[in-house]
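In: take this sequence and fold it.
(2 chains)
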Amino acid sequence: MAIRIIVDLLLVIGAVFALAGTIGVLKMPDTYSRMQASTCIATLGMLGVALGALLYAIFVMHSAGTAVKVALVAGLILATNPVGSHAIAKGAYKSGIRPEKKMEVDDLGRDLYD
Amino acid sequence: MQKTKFPAVVVTFILCFAFWLLLTWSFAVQELIAGAVVSLAVALFTARFFIHEKAFWLCNPVKLFSGLFFWVCVFPVELVKANVDMARRCFSGCRNINPGIVKVPVDLKSDYGQAALANAITLTPGTITMEVAEEEGQTYYYIHWIDVTKPSGKEAGDAIKGTLEKGLRRVWE
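Out: Residues are numbered from 1 along each chain as shown, chains lettered A, B, ... in the order given. This is a model prediction of the structure:
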């Protein structure tokens, strides 16, 4: 019973952070800020849900295979998400996407592109 | 392109085989042999992409445990702090942001260290590494920062990645 409560709490925490990230994606003013907000979903949003699922697999389902797969999914998301983020951010900047409101500090534009 | 080295193959093989055991979760002889053959083939072809430096650096217990300490204790704390900060900004209407791209010096020398630091920075909400540049032997990251409070250079670097870099330096140097 206690385990179920902990699992539910973790799921709720994950859902709250995913909600925060989604609001950020919808309301942030420019591409890069939206990407920043979406990182919330891929880190704590995902980790909360994955930890909950891991505990559920171990203590309720008693299935080691499921637990390993859940841990693997979490690890793979954590390993691949930043690589995708670098590539998208750099590609967006290279293809000429700039925020509407000019950034206060923009060393990348000053040094490499403009 | 560097050549395939024997220690690199061994380490890649061990990793592949461990994953095979984890995923199949069965210890029948046939499964073990099939797994060993597949892992060996994969290791022969991919070891040179996978391992560039010393293959057995994880055998040094100091580095192993400082690595574990970093990924289990240091990094999650930073992650939660940054996530709470970001969530607060999102829930309060995304008004109090001040985005900008700062240039930050990085002192890690090893390839893996730099890659791990760049990924750790990107994983913390509020900062994304966008570009790596090298000038006169010093490595610089260009980091998109959601709330620029410090000028570029060392100060911004300490604010963004001070703790992370300290933890990673113990692992890779």
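
In: flag the shaky bits of chain B, pLDDT-wise.
Out: Applying pLDDT under 70 to chain B picks out residues B:1, B:55.

In: at the contact with chain A, which residues of it appear?
Out: Proximity of chain B to chain A, by CB under 8 Å from any CB of the partner chain, involves residues B:22-23, B:25, B:79-80, B:83, B:86-87, B:89-91, B:93-94, B:97-103, B:118-120, B:122-131, B:133, B:142, B:144, B:146, B:148, B:151-152. To be clear about C-beta, it is placed using only N, CA and C from the backbone, and glycine gets the same treatment.

In: mind telling me what element the most centrally placed residue in chain B is part of?
Out: Centroid-nearest residue in chain B, with CA atoms, centre = their mean: residue B:116, separated by 2.2 Å. Element membership for residue B:116, per DSSP states H and E: helix B:111-123.

In: coming back round to it: the closest residue to the residue nearest to the centre of chain B other than its chain neighbours: neighbour count?
Out: Distances taken as CB to CB, 6 or more residues apart in numbering or on different chains place residue B:168 nearest to residue B:116, at 5.7 Å, with adjacent residues excluded. Using other CB atoms under 10 Å in any protein chain shown, residue B:168 has 25 other residues around it.

In: touching, residue B:168 and residue B:114? I think so.
Out: No. Using CB atoms under 8 Å, residue B:168 makes no contact with residue B:114, being 9.0 Å away.

In: common neighbours of those two, please.
Out: Residues touching both residue B:168 and residue B:114 (CB atoms under 8 Å, 6 or more residues apart in numbering or on different chains) are residue B:108.

In: and the helix holding residue B:116, what does it pack against?
Out: helix A:64-94, helix B:75-91, strand B:127-135, strand B:138-145, helix B:154-172 (3 or more CB pairs under 8 Å, 6 or more residues apart in numbering or on different chains; DSSP states H and E).

In: dump the third one to CSV, keeping only the CA atoms.
Out: Right, strand B:127-135. Written as CSV, here are the backbone C-alpha positions of strand B:127-135 (Å, rounded to 0.1, in the frame of the first residue of the first chain):
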residue,chain,number,x,y,z
THR,B,127,20.8,26.2,-20.4
ILE,B,128,21.6,24.7,-23.8
THR,B,129,25.0,24.3,-25.2
MET,B,130,24.9,25.5,-28.8
GLU,B,131,28.4,25.4,-30.1
VAL,B,132,31.9,24.4,-29.0
ALA,B,133,34.9,26.5,-30.2
GLU,B,134,38.6,26.3,-29.5
GLU,B,135,40.8,29.4,-29.4
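
In: against which helices or strands is it packed?
Out: Using 3+ CB pairs under 8 Å, 6+ apart: strand B:127-135 touches helix A:31-40, helix A:64-94, helix B:111-123, strand B:138-145.

In: who's in contact with residue A:40?
Out: Neighbours of residue A:40 in contact, by CB under 8 Å, 6+ apart: A:17, A:18, A:20, A:21, A:24, B:83, B:86, B:87, B:90, B:125.

In: what do you get for residue A:90?
Out: The contact partners of residue A:90, taken as CB under 8 Å, 6+ apart, are B:130, B:131.

In: look up how far residue A:108 lies from it.
Out: Note on residue A:90: its distance to residue A:108, by CB to CB, to the nearest Å, is 9 Å.

In: mutual contacts of these two, please.
Out: Shared contacts of residue A:90 and residue A:108, defined by CB under 8 Å, 6+ apart, are found at B:130, B:131.

In: any idea how far chain A is from residue B:40?
Out: Separation of residue B:40 from chain A (CB to the nearest CB, to the nearest Å): 21 Å.

In: that older thread, residue A:61: which of the contacts of residue A:40 is nearest?
Out: Set against residue A:61, the nearest of the contacts of residue A:40 by CB to CB is residue A:18 (23.3 Å).
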